[in-house]
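J.: what would the 3D arrangement of this be:
(one chain, ligands or ions: 1)
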Amino acid sequence: MPAAILDGKALAANMRADIAAQVAELKGAHAITPGLGVLLVGADPASLSYVTAKEKACGEAGIFSRTLRLPAEAAQDEVLARVREMNADPLIHGILVQLPLPKHIDEGAVINAIDPAKDVDGFTPVNVGRMMIGQSCFLPCTPHGIIQMLISAGVETSGKHAVVVGRSNIVGKPVAHLLMRKAKGGNATVTVCHTGTRDLAAFTRQADILIAAAGRPCTVTGEMLKPGAVVIDVGVNRVPDAAKASGFRLVGDVDFDSAAQVASLITPVPGGVGPMTITMLLHNTLLAARRQGACCAGNIQ
Ligand code: GUN
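T.: Residues are numbered from 1 along each chain as shown. Predicted coordinates for the structure are as follows:
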């Protein structure tokens, strides 16, 4: 029997309605409008499209957003200066520097410049470190969104074998950590595979839960899965498609058609993890506004 679809779009819509209600409450009761500052350097089409989607989602949730666009040739000092301006801006509670940055810019230096209290991506060393030792922090959006999807679909993670394919700072490493945490949506036994892994299929076939975050189409196919596995596809790859007005279509890292014949539950691309990433960004921005406004605890942790 083909797999059921794990619909990230529907969960995201429910969570966003809840966030919007909480934003309205924060505005009404405390006159605080959560604000997100986005910095986009260059004109990478995928980054432009992500940033546009984030701006739209903020607007729909009642969150103020301001995007600073810098040319691809912008100097590192200019980028750092803009981050520091957002650190000091009381209307901006959360800061997002869209990655990747152009090659000549030291990404680490830019991330280090973000005030950890405004780091709604959860990328700064302070937030990563706090996450690793179980302290209060901003969880990175894609990994947190994946855990929320598993919980909402009733997928048992405790005692299960989760295999993560990919070791990026944005997804692979943090999702492996969240899956192994002693917490809801965690307590799994986790294996991390990457480009240096020999015989990838030998590992993926052991996965009760497979997280594909390799950034390459068709990294995982149906024959690489254990029957009944839960498959989370984080990939967003543009492949040429003359039949589309845009000239491309989006595919994940998993070969959906073959995987859906073997898995029990699978996320589609688009409409799976992507909408949840943005939802958790809204969640973190609301949390940042609450923390900076030092008022009322949230109920969407
Ligand atoms: N590029 C791809 N994913 C992300 C993300 O979650 N945050 C940022 N800032 N850049 C990204």
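J.: can you pull out the low-pLDDT segments for the protein?
T.: 1, 295-301 (pLDDT under 70).
J.: may I have stretch 254-268 exported as PDB, CA atoms only?
T.: Extracted in PDB, the C-alpha atoms of stretch 254-268 (Å, rounded to 0.1, in the frame of the first residue of the first chain):
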ATOM      1  CA  VAL A 254      14.000  11.500  -2.000                       C
ATOM      2  CA  ASP A 255      12.700   9.800  -5.200                       C
ATOM      3  CA  PHE A 256       9.100  10.300  -4.100                       C
ATOM      4  CA  ASP A 257       7.400   7.800  -6.400                       C
ATOM      5  CA  SER A 258       9.600   4.800  -5.500                       C
ATOM      6  CA  ALA A 259       9.800   5.800  -1.800                       C
ATOM      7  CA  ALA A 260       6.100   6.100  -1.500                       C
ATOM      8  CA  GLN A 261       5.700   2.400  -2.500                       C
ATOM      9  CA  VAL A 262       7.800   1.300   0.500                       C
ATOM     10  CA  ALA A 263       7.300   4.000   3.300                       C
ATOM     11  CA  SER A 264       4.300   4.200   5.600                       C
ATOM     12  CA  LEU A 265       4.400   8.000   5.800                       C
ATOM     13  CA  ILE A 266       6.200  10.500   3.600                       C
ATOM     14  CA  THR A 267       6.500  14.300   3.200                       C
ATOM     15  CA  PRO A 268       5.900  15.800  -0.200                       C
END
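J.: tally of neighbours for whichever residue of the chain sits closest to the ligand?
T.: The minimum distance from the chain to the ligand, using C-beta to the nearest ligand atom, falls at L99 (3.7 Å). Just so you know, the C-beta spots here come from the backbone N, C-alpha and C atoms, and that holds for glycine as well. Per other C-beta atoms under 10 Å, the neighbour tally for L99 reads 17.
J.: so who does the residue most central in space within the chain touch?
T.: The chain has T142 as the residue nearest its centroid, 1.8 Å off, counting by C-alpha atoms, centre = their mean. Counting by C-beta atoms under 8 Å, 6 or more residues apart in numbering, T142 makes contact with I170, V171, V175, A213, V234, V273, M276, T277, M280.
J.: try G42
T.: With C-beta under 8 Å, 6+ apart, G42 has these contacts: L70, P71, A72, L101, P102.
J.: just the buried residues of those.
T.: Using 16 or more other C-beta atoms under 10 Å as the burial test, those include L70, L101, P102 as buried.
J.: can I get those residues in JSON lines with distance to V262?
T.: Listed next are these as JSON lines, based on distance: C-beta to C-beta, whole Å:
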{"residue": "L70", "distance to V262": "45"}
{"residue": "L101", "distance to V262": "38"}
{"residue": "P102", "distance to V262": "40"}
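J.: stretch 30-40: end-to-end distance?
T.: With C-alpha to C-alpha, to the nearest Å as the measure, the first residue of stretch 30-40 is 31 Å from its last.
J.: all strands of the stretch 51-200 of the chain, in order?
T.: Using DSSP state E, counting those that start in this stretch, the strands found in the stretch 51-200 of the chain span residues 64-70, 94-97, 161-165, 189-193.
J.: redo those as JSON lines? Include distance to A229.
T.: Shown next, in JSON lines, are those (distance: least, C-beta to C-beta, whole Å):
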{"stretch": "strand 64-70", "distance to A229": "37"}
{"stretch": "strand 94-97", "distance to A229": "32"}
{"stretch": "strand 161-165", "distance to A229": "9"}
{"stretch": "strand 189-193", "distance to A229": "13"}
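J.: TSV for these, including distance to the ligand?
T.: Compiled in TSV, the strands of the stretch 51-200 of the chain are given as follows (distance: least, C-beta to the nearest ligand atom, whole Å):
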stretch	distance to the ligand
strand 64-70	12
strand 94-97	5
strand 161-165	16
strand 189-193	19
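J.: and the ligand, which of the contacts of T142 reach it?
T.: When C-beta under 6 Å from any ligand atom is applied, the members of the contacts of T142 adjacent to the ligand are I170, T277.
J.: PyMOL command for the buried members of the contacts of T142?
T.: A single PyMOL command selects the buried members of the contacts of T142 (16+ other C-beta under 10 Å):
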select buried, resi 170+171+175+213+234+273+276+277+280
